[in-house]
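[1] what follows is a predicted protein model with its sequence.
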Amino acid sequence: MMRPAGYAALFAAGTFAVALAYEGAVRYLRSQVFQPDPGPITAVTRDGVAFSPLTLTRADGTTVTGLQATGSRPGKAVVVYLHGNGGSALTGAHDAAILATVGYDLVIADYAGYGGNPGSPSQSGLVADADAFLARGHVIAEGRPLLLIGHSLGGALAVLVAEDAPIAGLLTIGAVARLSDLVPVLARPFLRDRFDALASASRVTAPWLIAHGEADEVVPASDAVRLAGTRAQSRRELDIATGLAHPVEPASLLGLTERLFAMRARS
């Protein structure tokens, strides 16, 4: 018969093995959620727009580098852009450069673990990153309107931070409504980063344009419908575009941003 100490050692070993398996599953899911480009953020020109590195310090002391660009005409709004789960701020610069050509100043956020930034990405970390870039956006704006734009997972992130942010307008494109809903049921207990935009949507007070491609193969267009269906505290519009897929199309982004700018003026 096994002695009590033997049972304790056995249970301890079993618990340790379960914990290792659990942490392994958590790490695997995070590797699927966050797919950063680790290449460093450097000055770059996209579509004739010159971007320069912008390094900020989060509230917890972590530094994070993104990009910034000045619009072709002074006096218009400032856009803070949150890219999706892959790539880096360089991806965001490619998406949003067209906005600077019509006068928007751009702040392209990046995240811990992306673009050569220190640390590892997580939901709480991305929220801290987005808050830091939003704060810098307000400094740059000097009283001008500030628009927040997020794509895909960055769209969900934008909703999470918008509820506490004094922004003039919110544009989400192909946004995830709740990340856990896109994960197989058996894997959900291992998902720590749930990005539950649905839970925050009813607290967004800024004008909000919810855009989605009908042909989106990554995030279903029904996510946009669900976000639009939450209780609204402000003007809210839904735009599901026929034929558009998940990647950002710059010309479409420009049209949506101008539409949001007009919504802000009417609110």
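    Sure, I can see it.

[2] tell me which strands the longest strand anywhere in the chain pairs with, and in which orientation.
    Secondary structure assigned by DSSP state E gives strand 49-57 as the longest strand of the chain. Note on strand 49-57: by DSSP bridges, its sheet partners are strand 44-46 (antiparallel), strand 63-69 (antiparallel).

[3] turn these into TSV, columns for distance to residue 265.
    (Each C-beta comes from the backbone N, C-alpha and C, glycine too.) Listed next are the strands paired with strand 49-57 as TSV, based on distance: least, CB to CB, whole Å:
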stretch	distance to residue 265
strand 44-46	28
strand 63-69	24
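
[4] just name the most buried of these.
    Ranked by mean neighbour count under mean count of other CB atoms under 10 Å, the strands paired with strand 49-57 are led by strand 63-69, which reaches a mean of 24.

[5] list the helices and strands the helix or strand following that one packs on?
    Using DSSP states H and E, the helix or strand that follows strand 63-69 towards the C-terminus is strand 78-82. With contacts defined as 3 or more CB pairs under 8 Å, 6 or more residues apart in numbering; DSSP states H and E, the packing partners of strand 78-82 are helix 89-100, strand 105-108, helix 123-141, strand 146-151, helix 153-162.

[6] rounded mean pLDDT for the first one, please.
    Think helix 89-100. Throughout helix 89-100, pLDDT has a mean value of 98.

[7] what does the longest one give?
    Mean pLDDT, helix 123-141: 97.

[8] swap in the fourth one?
    For strand 146-151, mean pLDDT rounds to 98.

[9] just checking: what are the partner strands of that strand?
    strand 78-82 (parallel), strand 169-173 (parallel).

[10] contacts for it?
    77-84, 95-96, 104, 134, 137-138, 156-159, 161-162, 165-175, 206, 248, 253, 257, 260-261, 264 (CB atoms under 8 Å, 6 or more residues apart in numbering).

[11] low pLDDT regions in the stretch 151-267 of the chain?
    267 (pLDDT under 70).
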